[in-house]
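Asker: heads up, no residue letters with this:
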């Protein structure tokens, strides 16, 4: 799956912008402004800072703090002007550089944002927030080594800085360093145990270490903290899918859909769960909803076509699978199932063509090799069939169906010793009643 993170650049900078330290207030107006700002009363704070500046037009602190109040009002232009004035008055004012970098980020002036972050660190090399925010900047630009170094330095300077653990944990996830990510998100859980996000992030890391029960526990904790956390329901449902607990998966997808009824992804996953339960009509309804929401979804057409095929509705399957290929010529599964449509329609040459195309797109597709072998078997081209079954087995040595099919190809080629070996291998690999019965009957017939 693709990992669902919210990047921390903005949130981290907001912490710095509204939580950074300032020199001691020199007037009552500065103190009153700070009190109003702490309460989110931006206009009242600005009035107080205006009066402070009337008393002392050269107060860098007043300009910086008024700039933060403008930020609270999303007035980036005035905020930028105030932070710049604070820096003009006091060129070594690290917090003003830090705050101005945030404004530049909001204005998409990323080079200027980086310059200010570098300047803040030059002035105060022990400023954990500056390293944190520069790490977020590097992370946004996929400069992962630089980002990791800055987040690590931020943590060294302030081991309680939660955003740095989050940022570094996400960097680790982007580099598939799942165990390191788990460690950082565990630190995040310890620092902010009443927040749903750390549990969600750690649960996502556990998915990638395939620790299903730990992932479920974390997503459940996130849901306990936030009953409307739709991504946690969806992610927990996806883990239940891995554990083949279809009903639990469907219940979680139902909740995610209830919370976000226009998210196609949730319908698609619920459709997959219904397929695994054999409830094909419900799956078709979900895939149809995906198509309604995303009309050019080749995957949804392919999945719905597959369901029609399973229901022996071959004409509907043919239409949907062709539509999937029209939308995405490299949709190998659509080629595969179209091969199945032709195979079951007795059109073996056409089936071979579609299986061949699926294999060209995805050379490691053992299922397509096995099914193409069946088409060759029906054409009595036994050697080509044997070659395909053998290739499928080489890819998956536990592929019981391929052994059974190759056994038949050997049988029809009057290579009885090889047929006996493969029929015996089927009995070794599977408990499937139909396959066991076929292999047993042939072994009795062959005296094997």
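Answerer: Arrived safely, thanks for sending. The model shown is predicted, which means the values in this text are computed figures rather than measured ones. Numbers count the residues shown, from 1 in each chain.
Asker: C-alpha from now on. contacts and neighbour counts both.
Answerer: Noted.
Asker: Share the number of residues neighbouring residue 245, please.
Answerer: Counted with other CA atoms under 10 Å, the neighbours of residue 245 add up to 16.
Asker: The one 3 residues further on too?
Answerer: Per other CA under 10 Å, the neighbour tally for residue 248 reads 18.
Asker: right, and the secondary structure at the nearest residue to it once chain neighbours are set aside would be what?
Answerer: In space, and not counting its chain neighbours, residue 248 is closest to residue 240: 6.4 Å by CA to CA, 6 or more residues apart in numbering. Each residue gets one of three states, and residue 240 gets helix by DSSP: H, G, I helix; E, B strand; the rest coil.
Asker: From residue 211, how far off is residue 240?
Answerer: Here the distance between residue 240 and residue 211 works out to 12 Å (CA to CA, to the nearest Å).
Asker: of these two, who's got more company?
Answerer: Taking other CA under 10 Å, residue 240 and residue 211 do not tie; residue 240 has more neighbours (22 against 13).
Asker: Against residue 421, how distant is that one?
Answerer: For residue 240, the distance to residue 421 - CA to CA - is 38 Å.
Asker: low-confidence ranges in the stretch 51-200 of the chain?
Answerer: Regions of the stretch 51-200 of the chain meeting the criterion pLDDT under 70 are absent.
Asker: mind listing the helices for it?
Answerer: Taking DSSP state H, counting those that start in this stretch, the helices of the stretch 51-200 of the chain run over residues 60-72, 76-89, 94-106, 110-123, 128-140, 144-157, 162-174, 178-191, 196-208.
Asker: got the contact list for the residue nearest to residue 248?
Answerer: Taking CA atoms under 8 Å, 6 or more residues apart in numbering as the contact definition, residue 240 lies against 246, 248-249.
Asker: With respect to residue 113, which of those residues is nearest?
Answerer: If you rank the contacts of residue 240 by distance to residue 113 using CA to CA, residue 249 comes first, at 44.0 Å.
Asker: wait, doesn't the closest one sit right on residue 237?
Answerer: Yes. At 4.1 Å, residue 249 counts as touching residue 237 under the criterion of CA atoms under 8 Å.
Asker: So between the two, which is more surrounded?
Answerer: residue 237 (30 against 25).
Asker: Ok, which of the helices of the stretch 51-200 of the chain comes nearest residue 32?
Answerer: Checking those against residue 32 by CA to CA gives helix 60-72 as the closest, at 11.4 Å.
Asker: hmm, who's touching the closest one?
Answerer: With CA under 8 Å, 6+ apart as the test, helix 60-72 has contacts from 17-18, 22-23, 25, 30, 34, 37, 40, 42-43, 45-46, 49-50, 52-53, 76, 78-83, 85-87, 89-90, 96, 99.
Asker: Buried only: go through these for me.
Answerer: Among the contacts of helix 60-72, those classed as buried by neighbour count (16 or more other CA atoms under 10 Å) are 17-18, 25, 30, 34, 37, 42-43, 45-46, 49-50, 52-53, 76, 78-80, 82-83, 85-87, 89, 96, 99.
Asker: Residue 261: neighbour count?
Answerer: Burial of residue 261 is recorded as 12 neighbouring residues (other CA under 10 Å).
Asker: Could you measure from it over to residue 412?
Answerer: Taken as CA to CA, the spacing of residue 261 relative to residue 412 amounts to 54 Å.
Asker: same thing with residue 207?
Answerer: According to CA to CA, residue 207 stands 46 Å off from residue 412.
Asker: Check residue 215 too.
Answerer: Residue 215 sits 50 Å away from residue 412, going by CA to CA.
Asker: for residue 146, same thing?
Answerer: Taken as CA to CA, the spacing of residue 146 relative to residue 412 amounts to 64 Å.
Asker: just residue 333 next, same as before
Answerer: 30 Å.
Asker: I'd like to know which elements the helix or strand containing residue 437 is packed against.
Answerer: Residue 437 belongs to helix 433-446 when assigned by DSSP states H and E. In this structure, helix 433-446 packs against helix 400-412, helix 416-429, with contacts taken as 3 or more CA pairs under 8 Å, 6 or more residues apart in numbering; DSSP states H and E.
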